[in-house]
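**Student:** Fold the following for me, if possible:
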Amino acid sequence: MAPVKGLRPSFAAQYSVAALVATCIVLLVSLFACISPTRAPVKPAPAESGIPYGSMSAAIAVGKPEEALEAYEKSLAAKPQAADTRILHARLLMVAGKLGEARVEFNLILADDPKNTDALYNLSLVAGLDGHPDEQEALLRQVIAVDAGHPDALAALGDIVLARGDAATAEGYFSKALLRDPVNVPALLGQGDVKALAHEWKTAEDLYTRAISAEPDYSFAFIDRARVRESASDNAGAIADLSKAIALDPSYSWSYIDRGRLYHAQSELADAIADFSMAIGLDPDQFESYALRAEARGLQGDAAAAISDWQRVVSLKPSYGAAYEPLAALAWKIGDWAQARAAFLHAYEFDEAEHAYPLCAALCALRQGKPGDVPGIVAPVLDHAPADSWYRDVARYLQDKSGETPLLARIDREHNQALRARMLFYVAVVYRQNGFERIASTYFAQMEGRGAPGAVETDLLIAEQGRAPAASGN
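**Tutor:** Take a look at the predicted model:
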């Protein structure tokens, strides 16, 4: 599932940060419950402690961590704080986005206790979020120097080395983490990714399923399982997982994109377009959503809507060369020769080996009634195409009627039917443009069923067959 791969910045770090909210809620109910997953929780703090746990938990749950933090700080302003309480405070600062203050608090804790693995690990999360990967890795290595089996630190290190392409070392870290904590979600996800990279789809799926069992509300576990299910040709299972991910996190646009791709693959175009549209609504600056919707709309026959989407694509990302050929073909279909011409020439900028693009742009110039533009358009073909290539013969034909005889002779000699069809296309379009419909129709008929799949002329033939004779336009 290509758009998803690489999007999750860190298995361990991202999961840990996402879990902060849930963790803080639990810890607020039990102030002195240890943060480390290896220690048993203690009883909740007595009601007379004066700490408003209920209001803080509610504030976090409704997405107001700053209110929770304010309530916490006010309640403990005059109280001495134990290390676990200070770690909770620092984690609340992280939830509130106050990374600098969290960093200060963790460093103060470490000044008193340099081997506090909870503080070291959480400080590594701050470093990662601050964009300091080297510091993050160094802190994680400090954690395992104190506690060699610390599952969260091992999982985070596994994720870091996996991102470098060292799957074998990563697998060792993940396996060691799972020895201590068999339901450690970051380790299960990371190990699943190692197996997915090795195309061990069933093993990867089982690991993601274990992660889901341990944390059924974590949407990315469903996204990852969808990825391997798709790879194993289980599209129905992948769609079900993405639907669950969407139910858990309806604000994540890539889940809609990936489910839409699967619907598209099953020719369920209306559902695909609906998902791409949802993704666009959530992230209107993500060009991939428009590109995918443009493809689906084109297949539905809605050329105008598809053109609008492709125009948005090239507006957002002009360097996305793959957009220009479909945009040109759709503009050709509706007879917008100026737009088709421009798009073909843009496509040529990104694929200078495909000399058919300027040749098609030259046909657009003829249909615009601008034959004087043709020599300039085809000049790069004559300059750069291989000396004996058919591209050169077509270019000479388009700029000068005297090139017709050599081109027709070449077509007659050509035994490759797909290549023959490509050359015939240009002759047929010129004859149609000049009003010789009968000859043009004969040439078009000779192309049917013989065009090279994926060749630009083959795609344009479909549009040309529905065109009125001697069509011209802007």
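
**Student:** Return the helix or strand in the chain with minimum mean pLDDT.
**Tutor:** Within the chain, judged by mean pLDDT, DSSP states H and E, the helix or strand with the poorest mean is helix 53-61; its value is a mean of 40.

**Student:** name the element F174 belongs to?
**Tutor:** Assigned by DSSP states H and E, F174 falls within helix 167-180.

**Student:** Show me what that helix packs onto, helices and strands only.
**Tutor:** helix 151-163, helix 185-197 (3 or more Cβ pairs under 8 Å, 6 or more residues apart in numbering; DSSP states H and E). The way it works is simple: take the backbone N, C-alpha and C, and place the C-beta from them, glycine included.

**Student:** Any chance of JSON lines for those, columns mean neighbour count?
**Tutor:** Shown next, in JSON lines, are these (neighbours: other Cβ atoms under 10 Å):
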{"stretch": "helix 151-163", "mean neighbour count": "26"}
{"stretch": "helix 185-197", "mean neighbour count": "26"}
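
**Student:** Kindly reformat these as a markdown table containing distance to N235 and mean pLDDT.
**Tutor:** What follows is those, written out as a markdown table (distance: least, Cβ to Cβ, whole Å; pLDDT from 0 to 100):
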| stretch | distance to N235 | mean pLDDT |
| --- | --- | --- |
| helix 151-163 | 27 | 95 |
| helix 185-197 | 17 | 96 |
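
**Student:** Now distance to D271 too, for those helices, in TSV please.
**Tutor:** Compiled in TSV, the helices and strands packed on helix 167-180 are given as follows (distance: least, Cβ to Cβ, whole Å):
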stretch	distance to D271
helix 151-163	34
helix 185-197	26
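
**Student:** Mind checking those for the one nearest to L178?
**Tutor:** Nearest of those to L178, taken as Cβ to Cβ: helix 185-197 at 5.0 Å.

**Student:** Can you mark which positions in the longest helix seen in the chain are buried?
**Tutor:** Secondary structure of the chain per DSSP state H: the longest helix is helix 417-433. Neighbour counts over helix 417-433 (16 or more other Cβ atoms under 10 Å) mark 419-433 as buried.

**Student:** And for stretch 213-225?
**Tutor:** Neighbour-count burial for stretch 213-225, counted by 16+ other Cβ under 10 Å, picks out E215, Y218, S219, F220, A221, F222, I223, D224, R225.

**Student:** What of stretch 263-271?
**Tutor:** Per 16+ other Cβ under 10 Å, stretch 263-271 contains these buried residues: Y263, H264, E268, L269, D271.

**Student:** Report the two of the residues you listed separated the most.
**Tutor:** Farthest pair in the buried residues of stretch 263-271, by Cβ to Cβ: H264 and D271, 8.7 Å.

**Student:** what's A221 sitting at in phi/psi?
**Tutor:** Per-residue torsions, A221: phi -60, psi -40 (degrees, to the nearest 10).

**Student:** ok, it - contacts?
**Tutor:** If a contact means Cβ atoms under 8 Å, 6 or more residues apart in numbering, then A221 has V185, L189, Y208, A211, I212, E215 as its contacts.

**Student:** Point out where the chain drops to low pLDDT.
**Tutor:** Counting by pLDDT under 70, the chain contains low-confidence residues at 1-81, 466-474.

**Student:** picking up where we left off before, ok, then the element right after the longest helix of the chain?
**Tutor:** Per DSSP H and E, helix 417-433 leads on to helix 437-447 as the next helix or strand towards the C-terminus.

**Student:** and that following helix, what does it pack onto?
**Tutor:** Helix 437-447 packs on helix 417-433, helix 456-465, going by 3+ Cβ pairs under 8 Å, 6+ apart.

**Student:** What residues sit buried inside it?
**Tutor:** Within helix 437-447, the residues scored as buried using 16+ other Cβ under 10 Å are A440, Y443, F444, Q446, M447.

**Student:** What of stretch 243-260?
**Tutor:** The neighbour-count check on stretch 243-260 (16+ other Cβ under 10 Å) flags 244-246, 248-249, 252-260 as buried.
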